[in-house]
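**Q** my questions concern the predicted model and sequence given below.
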Amino acid sequence: MDLTDHDLTGLRTLLEDGAASSEEIIRAHVERIRAVEPTINGFAQERLDQALEQAKVTPRVTGPLAGLPYGLKDCLEVEGWITTFGTQGYANHVSTFSATLAKRLEEGGGILLGLTNAPEIGTSIETDNLLYGRTNNPIDPTRAPGGSTGGGAALVKAKALPFVVGSDFGGGSRNTAHCCGLFSHRPSLGRVSMAGYLFGCSGMKGQMCRFGPLARSARDLELVFDVVGGADPDDPKTDGVTARHEAPKPDGFRIAIATGAAIAPPEPEIEAAVNAFGKALEPMHRVEMPDLGGIIAEGQEIARQLFCADAGRLLREVLAHVAGTTDISPSMNFWLESVGKLQEKPAGDFEILMSRWEGYRLSINRLFEVYDFLIWPSSPTVAPKHGETLNDQAFWNALAYTTPLSLTASPVLVVPVGIGRDGMPVTVQIVAASWADEKLLAFGRALQEGDGDGDARGLIERALAIPTVV
């Protein structure tokens, strides 16, 4: 078996057992990167030769990531690297410090191979920009890998990286995990520091945005979360936030499943895959199908109004005064034109909207007084063809199931569960109560590693096995 076939946890075991060296592991991934990059274009920047040199002097076991490779989305400050978030105004921006998350991965022994491509300032689910070009989906290069963590997702699916850390505001990591058929973890509010997010992460963005990993196994997400999580004085949202521990439930969990919502009806194959996944859970858990369509629709409406509340004023200010550029990508231009059709909300209307947001978060919290987990699709459609989402209806439909959960403090786990139209992946979002990340990740690992042929494990393995063209 090629070393790139192993997940992060498997590579760590090989290192600990002396079955492979850091240099061998890094070299295998460098060779894989060089083989797939002409097709997928997943990196914004890479330092492959430097990573090889670093691996040669890395002791065999020096931390939880012990000389193992990874990537970071090009939106985290990394000292000495050019960090751009895909905008030309930052083409020569050399970071003078590292994001807290980046420092923790480095301190954990990891070796950074590169920064991965993203749409300009993360405003699209088409990963494309004027600096680094377009990223292609390794399953079908005529399709997008999603956004805004598209470069990283494409590289992980192509087995060029064992994991990448991206960001998720309206669905940036969840959408890309769905398009490429991966696991992703959107942590609870305050469990992972957002300090070092390019252009800052305060106010409304600070409440919604999260850093989180994408990988090919749930156990890898647990490993990365253990490394990067925890309080940080540079991010006050992490102050006093601790894990929510609950007693085991020997009779299984109570789970609510929705196959979609009328606001954005799912494709038949997606609805069928979610139904099959629910059936696979029934022998071990109490599965119910309450009508969650109204909750999904309400969440999307609130999120859409929040995202568009200033009619694009803030992004225009960023482009003009922070990034200092008037050259923008087609996806950024689409976003600005779309929200520019609206009027900036007066302060009073915005206060009412914020109250609706708070009420929505409370309504989601009440669901966890009844259920252990909520499950619904990540998207109503499979990965789109390039350019298909550059219109209002397609864009908001693609994010209809992720944006409601951006309003909550809950952790979200994306899990591949099926194969949809044209052989593309289908995933679900599994949601737990706020700060119950450990419970959620352990549940995901149990699903992936459980026994049986026709159960959830079989569905997950089939979805993960969707081949790439590279």
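**A** In hand now; what should we look at?
**Q** in the helix or strand hosting L101, which residues are buried?
**A** According to DSSP states H and E, L101 maps onto helix 100-107. Of the residues in helix 100-107, those with enough neighbours to count as buried (16 or more other C-beta atoms under 10 Å) are 100-106. (Glycine included, C-beta is placed from N, CA and C.)
**Q** regarding the nearest residue to A383 once chain neighbours are set aside, which helix or strand does it belong to?
**A** Excluding the flanking residues, the one nearest A383 by C-beta to C-beta, 6 or more residues apart in numbering is C179, at 3.7 Å. Assigned by DSSP H and E, C179 falls within helix 172-180.
**Q** one more: T427?
**A** In this structure, T427 is located in strand 425-431 according to DSSP H and E.
**Q** and that strand with helix 172-180, angle?
**A** Between the axis of strand 425-431 and that of helix 172-180 there is an angle of 150 degrees, by axes from the mean of the first three to the mean of the last three C-alpha atoms, to 10 degrees.
**Q** correct me, but A409 touches S188?
**A** Yes. Checked against C-beta atoms under 8 Å, the pair A409 and S188 is within contact range at 5.7 Å.
**Q** quick check: neighbours shared by these two?
**A** Common neighbours of A409 and S188 (criterion: C-beta atoms under 8 Å, 6 or more residues apart in numbering): 434-435.
**Q** sec struct for S167, please.
**A** The three-state assignment at S167 reads strand, by DSSP: H, G, I helix; E, B strand; the rest coil.
**Q** ok, the nearest residue to Q305 once chain neighbours are set aside to D2 distance?
**A** In space, not counting the residues next to it along the chain, Q305 is nearest to L353; the distance is 5.6 Å by C-beta to C-beta, 6+ apart. Taking C-beta to C-beta, to the nearest Å as the measure, L353 and D2 are separated by 51 Å.
**Q** now swap in A28 and tell me
**A** Using C-beta to C-beta, one obtains 7 Å as the distance from A28 to D2.
**Q** what's the answer for G133, then?
**A** Counting by C-beta to C-beta, the separation of G133 from D2 is 28 Å.
**Q** give me the more crowded residue out of those two.
**A** G133 (13 against 9; other C-beta atoms under 10 Å).
**Q** tell me the predicted confidence for the more buried one.
**A** In this model, G133 is scored at 98, pLDDT.
**Q** that one: which element?
**A** Secondary structure assignment for G133, by DSSP H and E: no helix or strand.
**Q** ok, it - contacts?
**A** Taking C-beta under 8 Å, 6+ apart as the criterion, G133 is in contact with 41, 117.
**Q** against I40, how distant is it?
**A** Distance of G133 to I40, given as C-beta to C-beta: 11 Å.
**Q** ditto for A55
**A** From A55 across to I40, the span is 23 Å (C-beta to C-beta).
**Q** check the secondary structure at the closest residue to Y371 other than its chain neighbours for me.
**A** Counting by C-beta to C-beta, 6+ apart, A256 is the residue found nearest to Y371 once chain neighbours are left out, at 4.6 Å. Classification of A256 into helix, strand or coil gives strand, according to three-state DSSP.
**Q** what is the neighbour count of A256?
**A** Taking other C-beta under 10 Å as the neighbour definition, A256 ends up with a count of 22.
**Q** again with the one 10 residues further on
**A** Using other C-beta under 10 Å, P266 is surrounded by 23 other residues.
**Q** just the strands in the stretch 201-350 of the chain please.
**A** Listed in chain order, the strands of the stretch 201-350 of the chain (DSSP state E, counting those that start in this stretch) span 210-215, 254-257, 286-288.
**Q** same list, the ones you listed, but as JSON lines with mean pLDDT please.
**A** Listed next are the strands of the stretch 201-350 of the chain as JSON lines, based on pLDDT from 0 to 100:
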{"stretch": "strand 210-215", "mean pLDDT": "98"}
{"stretch": "strand 254-257", "mean pLDDT": "98"}
{"stretch": "strand 286-288", "mean pLDDT": "97"}
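**Q** quick one: contacts for the most centrally placed residue in the chain?
**A** Of all residues in the chain, the one closest to the mean position by C-alpha atoms, centre = their mean is S173, 1.8 Å from it. With contact set as C-beta under 8 Å, 6+ apart, S173 has these partners: 149, 153, 166-167, 184, 186, 210, 212, 214, 414.
**Q** out of these, which one has the weakest pLDDT?
**A** Least confident of those in the model: G212, at 94.
**Q** ok, that one - contacts?
**A** Taking C-beta under 8 Å, 6+ apart as the criterion, G212 is in contact with 165-168, 173, 184-187, 192.
**Q** tell me the one of these nearest T402?
**A** For these, the minimum distance to T402 (C-beta to C-beta) is 8.1 Å, reached by D168.
**Q** before we move on, back to that, ok, residues contacting the helix holding L101?
**A** Residues outside helix 100-107 that contact it (C-beta under 8 Å, 6+ apart) are 63, 65, 70, 72, 76-78, 98, 112, 165, 192-193, 195-196, 211, 224, 227-228, 230, 232, 234-235.
**Q** PyMOL command to pick out the buried ones of the residues you listed?
**A** One line in PyMOL is enough to select the buried ones among the contacts of helix 100-107; burial here means 16+ other C-beta under 10 Å:
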select buried, resi 63+65+70+72+76+77+78+98+112+165+192+193+195+196+211+224+227+228+232+235
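**Q** what's the burial count for the closest residue to F169 other than its chain neighbours?
**A** Across the structure, with C-beta to C-beta, 6+ apart as the measure, the residue nearest F169 apart from its sequence neighbours is C209 (4.5 Å). For C209, the tally of surrounding residues (other C-beta under 10 Å) stands at 21.
**Q** so what's C209 up against?
**A** Counting by C-beta under 8 Å, 6+ apart, C209 makes contact with 167-169, 194, 197, 201.
**Q** just the residues you listed now: which is nearest Q448?
**A** After measuring the contacts of C209 against Q448 - C-beta to C-beta - the closest member comes out as D168, at 20.8 Å.
**Q** give the bridge partners for that closest one, please.
**A** Following DSSP bridges, D168 is listed with bridge partners R210.
**Q** would you confirm that it contacts G147?
**A** No. Under the criterion of C-beta under 8 Å, D168 makes no contact with G147, lying 10.7 Å away.
**Q** before we move on, the earlier item: from the buried residues of helix 100-107, which is closest to A303?
**A** When the buried residues of helix 100-107 are compared for distance to A303, the smallest value, 24.3 Å, is given by L101; criterion: C-beta to C-beta.
**Q** would you mind measuring from that closest one to A195?
**A** 8 Å.
**Q** T149 too?
**A** As defined by C-beta to C-beta, T149 lies at a distance of 19 Å from A195.
**Q** spatially nearest residue to L221, not counting backbone neighbours?
**A** Residue nearest to L221 in three dimensions, not counting chain neighbours: H185, with 4.3 Å by C-beta to C-beta, 6+ apart.
**Q** need phi/psi at that neighbour.
**A** As for H185, its main-chain torsions (degrees, to the nearest 10) stand at phi -130, psi 120.
**Q** that one touches L413, doesn't it?
**A** Yes. The pair H185 / L413 is scored as a contact, 5.7 Å apart, by C-beta under 8 Å.
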